[in-house]
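> All I have is the shape, not the residue letters:
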Ligand SMILES: [Zn+2]
């Protein structure tokens, strides 16, 4: 079986603040100043949690493991420190974003370092892609990055088998996809910027065991398939940003701070979603 690990950063044990996750050259876009010392140790912890998932996947019987860097500029993992048998997918933009590399030859997807959806109370660094998004719904179902990515994986007939992150994202993923998804809670949120953590080594042990179990369970997990036509509703923090999203062909303005898009399948809608995000990140237009 081939396994793809989508590796985000906010859900890593030890990480609670944007000072930990802010990447070097995005301050102009995100408004968060990069802190080299904080980011450096956080990316090392992230890399080691991914290594634990890779090792567990192989122990569970995976024949091939790919890792897609899924945070910010998507070049956070330290290539030389990564498990040598894994394929590393990095860089941005990539067509499938947090799942680049995935196709129907894979048997399972795993989420490491994941976080809760925008607006979740007491959820470490909760957001959905970028801070200006308040809510996203696919066919009326509210979800975070985990749900959108589960739908993209479902498009290829691949199920999500594991999520690692704080207690809120574990609950959200299992709420959407079912209790058979292996959930590894590496920290318990005490707020948006506060948590009680497992020691990083204990977190890795739990992820490793969870990943092995996830591969063993993968065959009986059902992909998350969103029936066509697929409708995407997006709520945005401000009307001027909503003006920008509404410029895209096929996007309908549904309110002062909301837009909708309907497409024939998840991949088509996913492209529209990415285009909306990118046009809004320009923050000005001609
Ligand atoms: Zn994320």
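Noted; the coordinates are in hand. All of these numbers come straight from a predicted model, not from anything done at the bench.

> Find me the pLDDT at residue 30, would you?
The confidence metric pLDDT takes the value 69 at residue 30.

> which residues of the stretch 1-150 of the chain fall in strands?
Using DSSP state E, counting those that start in this stretch, the strands assigned to the stretch 1-150 of the chain run over residues 2-7, 64-69, 87-89, 106-114, 133-138, 141-143.

> Residues in contact with the second one: which ones?
So that's strand 64-69. Strand 64-69 has contacts (Cβ atoms under 8 Å, 6 or more residues apart in numbering) with 1-7, 50, 54, 57-58, 74-77, 82-83, 85-91, 98-102, 106. Using the backbone N, CA and C atoms, a C-beta is placed for each residue, glycine as well.

> Let's see that with 6 Å instead.
2-7, 50, 54, 57, 76-77, 86-90, 100-101 (Cβ atoms under 6 Å, 6 or more residues apart in numbering).

> Can you give me the neighbour number for the residue lying closest to residue 205 once chain neighbours are set aside?
Residue nearest to residue 205 in three dimensions, not counting chain neighbours: residue 52, with 7.3 Å by Cβ to Cβ, 6 or more residues apart in numbering. Using other Cβ atoms under 10 Å, residue 52 is surrounded by 25 other residues.

> Pretty sure residue 52 sits against residue 206.
No - the criterion here is Cβ atoms under 6 Å, and residue 52 misses it with residue 206 at 8.2 Å.

> Contacts (any at all) between the ion and stretch 168-176?
No - on the criterion Cβ under 5 Å from the ion, stretch 168-176 is out of touch with the ion, staying 9.7 Å away.

> tell me which residues in that stretch are buried?
Using 16 or more other Cβ atoms under 10 Å as the test for burial, stretch 168-176 gives 168, 169, 170, 171, 172, 173, 176.

> If we only consider those residues, which is nearest to the ion?
Nearest to the ion out of the buried residues of stretch 168-176 is residue 169 (Cβ to the ion; 9.7 Å).

> For my notes, confirm the closest one occurs in a helix.
Yes - counting by DSSP: H, G, I helix; E, B strand; the rest coil, residue 169 is found in a helix.

> who touches residue 107 in this structure?
By Cβ under 6 Å, 6+ apart, the contact set of residue 107 is 1, 2, 218.

> would JSON lines of those residues with pLDDT be doable?
Output for the contacts of residue 107, formatted as JSON lines (pLDDT from 0 to 100):
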{"residue": "1", "pLDDT": "97"}
{"residue": "2", "pLDDT": "98"}
{"residue": "218", "pLDDT": "96"}
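
> Quick check, the residue in the chain closest to the ion?
residue 8 (4.3 Å).

> What count of nearby residues applies to that residue?
Count around residue 8 with other Cβ under 10 Å applied: 28.

> where's residue 1 relative to residue 269, distance?
28 Å (Cβ to Cβ, to the nearest Å).

> which of these two has more neighbours?
More crowded of residue 1 and residue 269, by other Cβ under 10 Å: residue 269, with 26 against 17.

> Next, residue 224: secondary structure please.
Secondary structure assignment for residue 224 (three-state DSSP): coil.

> The chain should start at 540 in everything you say after this.
All right, first residue 540 from here; so that's residue 763.

> returning to what we had before: out of the strands of the stretch 540-689 of the chain, which gets nearest to residue 772?
strand 672-677 (4.3 Å; Cβ to Cβ).

> In the protein, which helix is the longest?
Secondary structure of the chain per DSSP state H: the longest helix is helix 575-599.

> That one near the ion at all?
No - applying Cβ under 5 Å from the ion, one finds helix 575-599 separated from the ion by no less than 11.8 Å.

> residues making contact with that helix?
Residues contacting helix 575-599 (Cβ under 6 Å, 6+ apart): 542, 544, 546, 548, 551, 553-554, 558-559, 604, 606, 615-617, 620, 622, 625, 649, 651-652, 739, 743, 746-747, 750-751, 754-755.

> can you give me the mean pLDDT across that helix?
97.

> do the same with stretch 635-644
For stretch 635-644, the per-residue pLDDT averages 98.

> now the end-to-end length of it.
Start and end residues of stretch 635-644 are separated by 15 Å (Cα to Cα, to the nearest Å).

> Any chance you could list what contacts that stretch?
Here stretch 635-644 makes contact (Cβ under 6 Å, 6+ apart) with 541, 543, 545, 605, 607, 609, 628, 633, 688, 691, 695, 696.
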